[in-house]
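> Kindly generate the corresponding structure for this input.
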Amino acid sequence: MITSISKGTTGATTSPTTLTTSINTNGSTILSSSPTISTPLSRPTSTSSPSTTTITITSPGQNSSSTKPTSSSLPTTTMSTIITTSTLHSTTTTPGFCANGGIWVDGHCECPLGFTGDTCEDISNTIETKAETNGTVQVVLRVTNRDFTEDLQNHSSSAYLEFVKNFTEQMNLVYRNVDGYQGIQVQNVTPGSVVVDHVVIFSLIMTAQAQEKLNNITKDLMAEIRVVTMENCTDDEMCFNSSDITVRDNSLNFNQEGYCRENVPKGLEDYFFPNLTSYGFFCISNCTPDTASTINCNNGRCQLTRSGPQCFCPEPHMYWYQGNRCESRVSKLAVGLGSAVAILAVMVAILAVLLFRARSTQLSYR
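Below is the predicted model of the structure:
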């Protein structure tokens, strides 16, 4: 017996599939199929195609066939692909305007020393500096294991330059632990073995305590010298006489007025003057608050301008002020109301006089 089964589908998205099964009378089965599937990427659709199944049964000796059609719906699935595109937008920030040499950084103006405000247009009434100065200490040491020669008197000779080089390198090791140490300057070399007069330089932040700080540094310097003179030295090193040490004349080299004139904005040098405090060194003006020279603007605000310190009175659209220091004020509204009342009173008085005269005239005619 041979059975043939065929399935056919019609639709826009699935090709027909034919399945044929042959069954022999001897019990063997032959199965063959030829599927073709095509799935295009398109917009999502859903279709159902009718399917027809034909079963043919053939018996030996029979030439007739019996066909039973059946109908079913086979769902088909269509796949779709969604592609998402991301677009990165870059933002460009236009630099803002900064006056008086200000620089636009991260959305705001960074103002140079002496200027302030959102656009650096205002002059600072007070300038806080980071002033530093050099403090010096005069030191004289006697080198005991070196002999003085004539060429040491010539500051351009190779012997003098070599001696100064070796002395400087050794003293750098001695002074390096003292706070603020910057270096030395050899000023003179004289006989007796070799006597070296030199200046030791220190850096200090300018405050009211700077001189006191230098005095303490001088004590620390003396302690370091005593330590090295007490130690045993070799011929490769310079040895010093511990009983012949001179430390004198410590001083600060700082011109306060000159520093302010050099560091305030150009054209404003005459409006600033130095003020040394325990917190640091300031260049102040007559608009700096709480100083002996502060201008009293009464109800107003003192502000340094290119023309010098000036008082700016509050609410000038509402008040008149007497003088240039905002000493007293008169309300414009009150003056306006007072004027209106005065005018009204005059008008009432005139009207009363006119009425009185008119009434007197009428009475005289009777």
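
> quick one: the closest residue to residue 327 other than its chain neighbours from residue 320, how far?
In this structure, residue 327 finds its nearest non-sequential neighbour in residue 298, 5.5 Å apart by CB to CB, 6 or more residues apart in numbering. Placement of C-beta: from N, CA and C, glycine included. Counting by CB to CB, to the nearest Å, the gap from residue 298 to residue 320 is 14 Å.

> again with residue 222
Distance, residue 222 to residue 320, using CB to CB: 69 Å.

> Of those two, which one has the most company?
For residue 222 versus residue 320, the count of surrounding residues by other CB atoms under 10 Å is larger for residue 222: 15 against 12.

> what are the phi and psi values for the more buried one?
Backbone dihedrals for residue 222, given as degrees, to the nearest 10, come out at phi -60, psi -40.

> doesn't residue 250 make contact with it?
No: with contact defined as CB atoms under 8 Å, residue 222 and residue 250 do not form a contacting pair (10.8 Å).

> mind showing which ranges of the protein have poor pLDDT?
Residue ranges of the chain with pLDDT under 70: 1-93, 332-342, 362-366.

> That one - how does it break down into domains?
The record, using automatic domain parsing to delimit domains, assigns the chain the ranges 2-75, 132-253, 297-366.

> which residues in the stretch 251-366 of the chain form helices?
In the stretch 251-366 of the chain, the helices defined using DSSP state H, counting those that start in this stretch lie at 256-263, 332-365.

> scratch that, the stretch 101-250 of the chain
Remark: helices assigned in the stretch 101-250 of the chain by DSSP H, counting those that start in this stretch are 158-175, 210-230.

> neighbours of residue 134, just the number please.
Residue 134: 16 neighbours (other CB under 10 Å).

> what sits against it?
Contacts for residue 134 (CB atoms under 8 Å, 6 or more residues apart in numbering) come out as 182, 201, 202, 203, 204, 252, 253.

> re earlier: format the helices of the stretch 101-250 of the chain as TSV; extra columns: distance to residue 271.
Formatted as TSV, the helices of the stretch 101-250 of the chain follow (distance: least, CB to CB, whole Å):
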stretch	distance to residue 271
helix 158-175	42
helix 210-230	25
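
> which residues touch residue 129?
Residue 129 neighbours (CB under 8 Å, 6+ apart): 113, 206, 259, 263, 280, 281, 282, 283.

> can you tell me how far it sits from residue 275?
Look at residue 129 and residue 275: by CB to CB, they are 10 Å apart.

> overlap in contacts of those two?
Common neighbours of residue 129 and residue 275 (criterion: CB under 8 Å, 6+ apart): 281, 282, 283.

> Now, of those, which are buried?
Those of the shared contacts of residue 129 and residue 275 that meet the buried threshold are 281, 282, 283, by 16 or more other CB atoms under 10 Å.

> Kindly provide the distance from the second one to residue 298.
Distance of residue 282 to residue 298, computed by CB to CB: 25 Å.

> cool, and residue 271?
As judged by CB to CB, residue 271 and residue 298 stand 21 Å apart.

> Look at those two and report which has more neighbours.
Neighbours were counted for residue 271 and for residue 298 using other CB under 10 Å; residue 271 has more, 21 against 14.

> and the residue lying closest to residue 202 once chain neighbours are set aside, how many residues sit next to it?
The shortest distance from residue 202 to any non-neighbouring residue, by CB to CB, 6+ apart, is to residue 180 (4.0 Å). By other CB under 10 Å, the residues close to residue 180 number 16.

> Ok, residue 111 next?
Residues lying near residue 111 (other CB under 10 Å) number 21.

> Can you get me a residue count around the nearest residue to it once chain neighbours are set aside?
Leaving out its chain neighbours, the residue that sits closest to residue 111 by CB to CB, 6+ apart is residue 120, at 3.9 Å. Neighbour count of residue 120, defined by other CB under 10 Å: 20.

> do the same with residue 356
Other residues within reach of residue 356 by the criterion other CB under 10 Å amount to 10.
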